[in-house]
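Peer 1: After the sequence you'll find the predicted model.
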Amino acid sequence: MNKSIAIISAGLSQPSSTRLLADRLGEATTRALAEAGSDASITVIELRDLAHEITNTMLTGFAAGDLATAIETIAGADAVIAVTPIFSSSYSGLFKSFFDILEPRTLAGKPVLLAATGGTARHSLALEYSVRPLFAYLQSVIVPTSVFAASEDWGSTGGTHGELAVRITRAAGELAETVEGRPATRPVEEPVIPFAQQLANLAVSA
């Protein structure tokens with residue numbers, strides 16, 4: 001069975017370590033899914049190329065062109081790998097802006113692997129106190145292992161050996177297991193009860 005994986009890379013330079021980490025995670029996820037008997041279809045979305053369209057959408061409320069296609073890809077994907085550079089101890093503004101323009105339940109119930117890059121390992125906790133809460137709010141199914149890569153993690157092997165490679169393999173395996181085990185249907189959307197109605201209901205029951 002073919003599984004579609006959308007990779008979101010928020011790197012600002014070309015080439016970027018963010019895109020390199022995204023590619024490593026995509027390759028590892030493809031291998032993990034193959035071991036489970038599934039093929040993987042990988043689509044990489046470079047937010048750098050969509051920066052102007054993201055800004056326009058924030059101003060107009062309407063996505064068009066390549067940005068609309070990217071959003072459709074994410075909505076239809078079986079899983080998402082989201083990779084951001086860390087600036088000032090948090091995700092990049094471009095990364096956050098992209099998720100701000102998505103419809104509220106686009107990622108609800110969707111398996112997501114989180115990853116980030118930064119200059120030093122001091123930024124690694126940003127994944128847990130900044131990036132993970134964002135996707136918890138979006139109601140994603142976040143795999144337990146997130147992957148942070150500092151500049152020194154790449155070394156001469158490009159992340160194919162050592163501790164970074166171990167983390168990539170572990171996280172990709174968790175994503176593959178989640179994709180293979182997820183239900184075929186998305187969770188039922190709970191009705192939103194207006195606050196005034198909730199107060200009225202409380203008054204009646206009191």
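Peer 2: Structure's in. What do you need?

Peer 1: Point out where this protein drops to low pLDDT.
Peer 2: 156-161, 182-206 (pLDDT under 70).

Peer 1: which residues in it form strands?
Peer 2: 2-9, 39-46, 79-87, 90-91, 111-118, 141-142, 147-150 (DSSP state E).

Peer 1: what's the last one in contact with?
Peer 2: The contact list for strand 147-150, computed with C-beta atoms under 8 Å, 6 or more residues apart in numbering, reads 17, 21, 25, 86, 113-121, 123-124, 127, 159, 164, 167-168, 171. The C-beta positions use only the backbone N, C-alpha and C, and glycine is treated the same way.

Peer 1: Nearest the middle, which residue of the protein would you pick?
Peer 2: residue 82 (2.8 Å; C-alpha atoms, centre = their mean).

Peer 1: could you measure that residue against residue 59, distance?
Peer 2: Counting by C-beta to C-beta, to the nearest Å, the separation of residue 82 from residue 59 is 24 Å.

Peer 1: Repeat that for residue 163.
Peer 2: Following C-beta to C-beta, the distance that separates residue 163 from residue 59 is 43 Å.

Peer 1: what's the answer for residue 95, then?
Peer 2: Distance from residue 95 to residue 59, by C-beta to C-beta: 18 Å.

Peer 1: ditto for residue 41
Peer 2: From residue 41 to residue 59 the distance is 33 Å (C-beta to C-beta).

Peer 1: out of these two, which sits in the more crowded spot?
Peer 2: More neighbours surround residue 41 than the other of residue 41 and residue 59, with 13 against 8 (other C-beta atoms under 10 Å).

Peer 1: partner residues bridging the more buried one?
Peer 2: residue 4 (DSSP bridges).

Peer 1: In this structure it contacts residue 6, no?
Peer 2: No - using C-beta atoms under 8 Å, residue 41 is not in contact with residue 6; the gap is 9.6 Å.

Peer 1: Hmm, residue 141 and residue 114 touching each other?
Peer 2: No - applying C-beta under 8 Å as the test, residue 114 and residue 141 come out as separate, 11.5 Å apart.

Peer 1: neighbour-wise, which of those two wins?
Peer 2: Taking neighbours as other C-beta under 10 Å, residue 114 and residue 141 compare with residue 114 leading, 25 against 17.

Peer 1: hang on, the earlier thing: got the contact list for the nearest residue to the residue nearest to the centre of the chain once chain neighbours are set aside?
Peer 2: Counting by C-beta to C-beta, 6 or more residues apart in numbering, residue 8 is the residue found nearest to residue 82 once chain neighbours are left out, at 4.7 Å. Counting by C-beta under 8 Å, 6+ apart, residue 8 touches 22, 45, 47, 74, 80-83, 95, 98.

Peer 1: Ok, residue 58 next?
Peer 2: 97, 100-101.
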